[in-house]
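# Task: produce atomic coordinates for the following.
(chains A and B)
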Number of protein chains: 2
Amino acid sequence: MSAIDDLTRELRRLPGIGTKTALRLAFHMVKGPKEDIHRLAGALAQVAERIHPCPRCGNYCSAEVCSVCRDPSRDRSVICVVEEAYEVGAIERTGRYGGLFHVLGGRLSPLDGVGPGQLDIDGLLERVSDPEEKPKEVILATNASVEGEATAVYLETLLRPHGLRITRLARGIPVGSDLEYVDGTTIAEALAGRREVGDGSA
Amino acid sequence: MSAIDDLTRELRRLPGIGTKTALRLAFHMVKGPKEDIHRLAGALAQVAERIHPCPRCGNYCSAEVCSVCRDPSRDRSVICVVEEAYEVGAIERTGRYGGLFHVLGGRLSPLDGVGPGQLDIDGLLERVSDPEEKPKEVILATNASVEGEATAVYLETLLRPHGLRITRLARGIPVGSDLEYVDGTTIAEALAGRREVGDGSA
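Predicted coordinates:
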């Protein structure tokens, strides 16, 4: 049974997977067809071998640079800064952003021991001062959490001297939600950021 | 990114793992050390290669017969019948059972298309009528669900002619729980199965 124990131990290392879930998953796999296990193992090996951070923006890619960076149709005058690489996907799926990305690899969180040195901030500063790339706008799309806000404020102080437009994602009522269930801080932000009806930008 | 997509798709096939969880797990692995991914892939390959059902009892094993069946110190006069192989572990961990097991591989559930033919009932009947093995007792440890009960009733009718002691796990109040939070059916069962205080069997 030690092979099952080994698999359970490895699964338990994943986030959100405890002992019971790991056991359930392991036994599910053992009970199912062996091809399914081999396919998962193969997919893991492929990821380990081929996926690496894009040297320019930090997005994950299997080519030399990521598909966004090497796409000639992207607007190179805007860089959207996100905390994690998987957030690139969240923005890409909207189909409403045509610029480049920069992945920080986390957020400032002194309590967790994450300072500026742990994030790819130097890379961002290099990109905004690179005469070839020289973007006109940086969108600070860090999360709307305390740490995300602090990271945005920190980045703003560093970016300000570069004479760029620095923006942040709008705060407000999520589309499709009832006011009744939206927290007060969000409503306050939505009030402060209210827009003229019919100003053409909606 | 297709390697990540492939991995996400494989993870999503596992029970209880939806698209968001699969993505989160995949990106967690990509962000972590590659050794972790290789170790998980290796553990999966080991399970696929080495783990198979014990030909006697259906428990999972990597040897010819499982560790319970080949342990000469086990009491061969009792067979505990469980639905799934992972339930063997739940009983083994109590350290209070020294007999053998028999794994059915599921429970009778006509709505899900599981009839007697899908379960290893023939194997159980062979074991109880085998003059060499010939157990004295069969514990029907199927779950306390409607399907588990139905399975136990069905097995009882088949086992009855063999002149064995046929038992079922006791029903009652789970250890450590408050009566207030225990459902009425369980309390009723606990009342019906109440025991004399100080009868020496507690």
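# can you pull the contacts of residue A:89?
Contact partners of residue A:89, counting by CB atoms under 8 Å, 6 or more residues apart in numbering or on different chains, are residue B:23. Using the backbone N, CA and C atoms, a C-beta is placed for each residue, glycine as well.
# Report the buried residues of the helix or strand containing it.
Assigned by DSSP states H and E, residue A:89 belongs to helix A:86-92. Buried residues in helix A:86-92, defined by neighbour count with 16 or more other CB atoms under 10 Å in any protein chain shown: A:86-89, A:91-92.
# Out of these, flag the one nearest to chain B.
Comparing the buried residues of helix A:86-92 against chain B with CB to the nearest CB places residue A:86 closest, at 4.3 Å.
# Give me the secondary structure label for the residue lying closest to the closest one once chain neighbours are set aside.
Excluding the flanking residues, the one nearest residue A:86 by CB to CB, 6 or more residues apart in numbering or on different chains is residue B:27, at 4.3 Å. Secondary structure, DSSP: H, G, I helix; E, B strand; the rest coil: residue B:27 is helix.
# Do I have it right that residue B:27 meets residue A:85?
Yes - using CB atoms under 8 Å, residue B:27 is in contact with residue A:85, at 6.5 Å.
# What helices and strands are in contact with the longest strand along chain A?
In chain A, assigned by DSSP state E, the strand with the most residues is strand A:75-82. For strand A:75-82, the packing partners by 3 or more CB pairs under 8 Å, 6 or more residues apart in numbering or on different chains; DSSP states H and E come out as helix A:86-92, strand A:99-103, helix A:121-129, strand A:137-140.
# just the angle between it and helix A:121-129, please?
If you take axes from the mean of the first three to the mean of the last three CA atoms, to 10 degrees, strand A:75-82 sits at 160 degrees to helix A:121-129.
# who's in contact with strand A:75-82?
Residues contacting strand A:75-82 (CB under 8 Å, 6+ apart): A:88, A:91, A:97-104, A:124, A:127-128, A:133, A:135-142, A:155.
# try 7 Å this time
A:88, A:91, A:97-104, A:124, A:127, A:133, A:135-142, A:155 (CB atoms under 7 Å, 6 or more residues apart in numbering or on different chains).
# cool, and stretch A:47-66?
A:67-69, A:85, A:88, A:100-103, A:105, A:120, A:123, B:1, B:3-4, B:7, B:29-30, B:34, B:37-38.
# now with 6 Å?
Outside stretch A:47-66, the residues within contact range by CB atoms under 6 Å, 6 or more residues apart in numbering or on different chains are A:69, A:85, A:88, A:101-103, A:120, B:3, B:7, B:30, B:34, B:37-38.
# Quick check: the farthest pair among these?
A:102 and B:38 (29.2 Å; CB to CB).
# The two: which is more packed in?
residue A:102 (25 against 15; other CB atoms under 10 Å in any protein chain shown).
# tell me the mean pLDDT over the longest helix seen in chain A?
Secondary structure of chain A per DSSP state H: the longest helix is helix A:34-50. For helix A:34-50, mean pLDDT is 92.
# For that helix, buried residues please.
Within helix A:34-50, the residues that count as buried by 16+ other CB under 10 Å are A:36-37, A:39-48.
# go on, stretch A:17-33?
A:17, A:21-27, A:29-30.
# Keeping just the C-alphas, turn the lowest-mean-pLDDT helix or strand in chain A into PDB.
Least confident helix or strand of chain A, by mean pLDDT, DSSP states H and E, is helix A:184-192 with a mean of 83. Provided in PDB are the C-alpha atoms of helix A:184-192 (Å, rounded to 0.1, in the frame of the first residue of the first chain):
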ATOM      1  CA  GLY A 184     -20.500  49.100   2.500                       C
ATOM      2  CA  THR A 185     -16.900  49.900   1.500                       C
ATOM      3  CA  THR A 186     -17.600  48.800  -2.000                       C
ATOM      4  CA  ILE A 187     -20.800  50.900  -2.200                       C
ATOM      5  CA  ALA A 188     -18.800  53.900  -0.800                       C
ATOM      6  CA  GLU A 189     -16.200  53.400  -3.500                       C
ATOM      7  CA  ALA A 190     -18.900  53.100  -6.100                       C
ATOM      8  CA  LEU A 191     -20.500  56.300  -5.000                       C
ATOM      9  CA  ALA A 192     -17.100  58.200  -5.000                       C
END
